[in-house]
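Fold the following, please.
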Amino acid sequence: MKSDAATAEISQPYAQALLSIAQSHNLTEEVGTDARTLLGLLTGSQELTNFLSNPFVQVENKKNLLKQLLGEGVNPYLRNFLLLLVDRKRIAFLAPILRQYLALLRQLNQTVLAEITSAIPLTETQQQAITERVIALTNARQVEIETKIDSELIGGVIIKVGSQVIDASLRGQLRRLSLRLSSN
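Alright, predicted model coming up:
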């Protein structure tokens, strides 16, 4: 398993290089959209991740898979960047590089990431209310929402923005009540 420090040390310069390329061609948002899609594919397919990070798979096989997977729809600069990662034997770090790129893009756009965990899927109105609350708390220009479903919450939501956590879940309220009762 790769350590977080080593992963960050490798992924940071590559993500900055990708952002630099995207900025020089005014394609930051387009590359960001493609990066989110590719990150979704990697997260959803352990087989794909294993194939790309396997050192015994030939470089040409990895390149051919990426070319087939991406097709013509993906940005050519991103495609060339991915092929460069294969050549440099850094493709195993693709997910952390893409996550770092998206973090740099959010920073550039003054956007914060709000990770929302709820017991059931949120409605559009609820997501909008959370977005407005996060903007008020952080003074950010925009909010990017990442949602997760956790049926153990019973009800309510947990909102994480950076290192700040707002636990408005029923499970959290019950835990706090239990702590208050046990301290008396």
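
Tell me the helices and strands packed up against the helix or strand harbouring residue 113.
Following DSSP states H and E, one finds residue 113 within strand 111-118. Packed against strand 111-118 by the contact rule (3 or more C-beta pairs under 8 Å, 6 or more residues apart in numbering; DSSP states H and E) you find helix 94-108, helix 124-138, strand 142-149, strand 156-161. Any C-beta I mention is one placed from the backbone N, CA and C, and that applies to glycine too.

Sheet partners, orientation included, of it?
Paired strands of strand 111-118, with direction, are strand 142-149 (parallel), strand 156-161 (antiparallel) (DSSP bridges).

Pull out the buried positions in the shortest one.
Right, strand 156-161. Going by neighbour count (16 or more other C-beta atoms under 10 Å), the buried part of strand 156-161 is 157-161.

Closest to residue 65 out of those?
residue 160 (34.2 Å; C-beta to C-beta).

picking up where we left off before, ranking the helices and strands packed on strand 111-118 by mean neighbour count, which comes first?
Counting by mean count of other C-beta atoms under 10 Å, helix 94-108 has the highest mean neighbour count of the helices and strands packed on strand 111-118, with a mean of 20.

the inter-axis angle of that one versus strand 142-149?
Helix 94-108 and strand 142-149 meet at an angle of 140 degrees, taking axes from the mean of the first three to the mean of the last three C-alpha atoms, to 10 degrees as the criterion.

who touches helix 94-108?
Helix 94-108 is contacted by residues 7-8, 10-12, 14-16, 18-19, 28-29, 31-32, 35-36, 38-39, 42-43, 49, 52, 82, 85, 90, 111-113, 144 when judged by C-beta atoms under 8 Å, 6 or more residues apart in numbering.

Check which residues of stretch 11-26 are buried.
11, 14-15, 18-19, 21-22.

ugh, wrong one, I meant stretch 112-120
112-114, 116-119.

can you put the residues you listed in TSV and add pLDDT?
What follows is those, written out as TSV (pLDDT from 0 to 100):
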residue	pLDDT
112	88
113	88
114	89
116	91
117	91
118	89
119	86
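
Output the longest helix belonging to this structure.
helix 4-24 (DSSP state H).

Out of the buried residues of strand 156-161, which is nearest to residue 68?
Looking across the buried residues of strand 156-161 and measuring by C-beta to C-beta, the closest to residue 68 is residue 160, at 36.3 Å.

what are the bridge partners for the closest one, then?
Applying DSSP bridges, one finds that residue 160 bridges with residue 115, residue 165.
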